[in-house]
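[1] this one's sequence-less:
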DNA sequence: ACCAAATATGAAAAATATTTCATAATTACA
DNA sequence: TGTAATTATGAAATATTTTTCATATTTGGT
């Protein structure tokens, strides 16, 4: 078991690490968001313990950044606040669980095990703000509701979501989704965007695919 | 970077480990197949170096066992033989590369980097003997040829492959693939099996889905 | 406010996939 | 070998998805 600990307070970080080593686990300590991101690029971890308050970026922002980079390593957020709304924010940002400080080490072990058991059997999903895209079942999911997309719809949304925030022109979308060179005169992309938007209405209230006049389409998070 | 080294010869194993540690990598040494399997259950590795000849199980068997357990960690096989047919066997069994002894450490580092770069961008596949099933694109692939399955075909083959060697009855197949309770009178499963077999003809020569009279269907490896 | 270009939409047509069903072939067993 | 049960298969009927296209709406610039 290999654990990444992102915790600013040295005392807590060292205490966690000592306990993990005693259990035969390996643990790496980092103290800011940038270090978390670069560690994840170079190494695989079984779980990430992420402090809520960190220098420069909040744990929440780091969490979002991790998920946006496509990394699905389970994350447990550590926080001094017991506010319930933070928990909701945390889970929305892509965290898997949440431990309130002060905690005892048994609780940490128990939650790690629970999260790993839970996520080991989970299917890969792309977190897209208020909903998520299941890459295996091709469903968009939000809370209880789930909706299966057609293949073109799925491929188009998948591509837009994985380029969140960047405007993609029709030619590119066409070539990525249909896999063939763009031939002017077809409006496949427009039609599929329309259908996609209609379907997403029932899943998420806001308009998450925006048209940029003369340029193309963008997926916006929320 | 976390490396699992499965090598019987202590001298080679220790030399590898020393070199990896010098590079800032972590490495775990094991000396038999069972230890490889159990290590993988408890820890994530970035790469596995696997000796061709090991006590009890051959590296090839261990390799197959790893892939059958659903683990896709990149594997490099180490072998004293320079026989080309072994390389083919190795890749068939699910290995990603192959290094011939004696090797120098630069070659090992170079191959590790190459394999990681290659597999990092690869899509998840299920190795099924002479072909593989791409879980993202829903294609069966064998060497150059690739074939897109329909949804029911994919789901049926996926379920059979992930229960390789065990006979599954029609009721179970129906419920897993169609997601609804079995109602007698339908022969969806039979029809889809027929279509699947016809499609697989062009990919793999042998009959890999066998009928067990009165019981159901099995996927057999090859 | 008006115009031309760009985008959205509804709906028909074509292509694919799924389901149904009748019949043929195969199997296990007496 | 004969028979009933089981499985395989071809093909029609449905359903779904993809593509086409004509028309409506929106947009940015004048």
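    Looks like it arrived, so ask away. Every value quoted in this text rests on a predicted model; they were computed, and no experiment measured them.
[2] now do the strands in chain A.
    A:2-6, A:26-30, A:47-51, A:75-79, A:97-100, A:125-128, A:131-134, A:139-142, A:145-148, A:209-212, A:216-219 (DSSP state E).
[3] any chance of those in JSON lines, plus mean pLDDT and distance to DNA strand D?
    C-betas here are computed from N, CA, C, even on glycine. Below are these laid out as JSON lines (pLDDT from 0 to 100; distance: least, C-beta to the nearest atom of the strand, whole Å):
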{"stretch": "strand A:2-6", "mean pLDDT": "91", "distance to DNA strand D": "40"}
{"stretch": "strand A:26-30", "mean pLDDT": "89", "distance to DNA strand D": "43"}
{"stretch": "strand A:47-51", "mean pLDDT": "91", "distance to DNA strand D": "37"}
{"stretch": "strand A:75-79", "mean pLDDT": "87", "distance to DNA strand D": "34"}
{"stretch": "strand A:97-100", "mean pLDDT": "82", "distance to DNA strand D": "35"}
{"stretch": "strand A:125-128", "mean pLDDT": "78", "distance to DNA strand D": "19"}
{"stretch": "strand A:131-134", "mean pLDDT": "85", "distance to DNA strand D": "15"}
{"stretch": "strand A:139-142", "mean pLDDT": "86", "distance to DNA strand D": "12"}
{"stretch": "strand A:145-148", "mean pLDDT": "86", "distance to DNA strand D": "7"}
{"stretch": "strand A:209-212", "mean pLDDT": "90", "distance to DNA strand D": "7"}
{"stretch": "strand A:216-219", "mean pLDDT": "90", "distance to DNA strand D": "13"}
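[4] mind putting those in TSV, mean neighbour count and distance to chain B included?
    Below are the strands of chain A laid out as TSV (neighbours: other C-beta atoms under 10 Å in any protein chain shown; distance: least, C-beta to the nearest C-beta, whole Å):
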stretch	mean neighbour count	distance to chain B
strand A:2-6	23	6
strand A:26-30	18	7
strand A:47-51	25	10
strand A:75-79	23	15
strand A:97-100	18	19
strand A:125-128	22	12
strand A:131-134	20	12
strand A:139-142	20	12
strand A:145-148	14	10
strand A:209-212	13	22
strand A:216-219	20	19
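[5] JSON lines for the ones you listed, including distance to residue B:135?
    JSON lines is the format used below for the strands of chain A (distance: least, C-beta to C-beta, whole Å):
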{"stretch": "strand A:2-6", "distance to residue B:135": "25"}
{"stretch": "strand A:26-30", "distance to residue B:135": "30"}
{"stretch": "strand A:47-51", "distance to residue B:135": "24"}
{"stretch": "strand A:75-79", "distance to residue B:135": "24"}
{"stretch": "strand A:97-100", "distance to residue B:135": "27"}
{"stretch": "strand A:125-128", "distance to residue B:135": "14"}
{"stretch": "strand A:131-134", "distance to residue B:135": "12"}
{"stretch": "strand A:139-142", "distance to residue B:135": "15"}
{"stretch": "strand A:145-148", "distance to residue B:135": "17"}
{"stretch": "strand A:209-212", "distance to residue B:135": "26"}
{"stretch": "strand A:216-219", "distance to residue B:135": "24"}
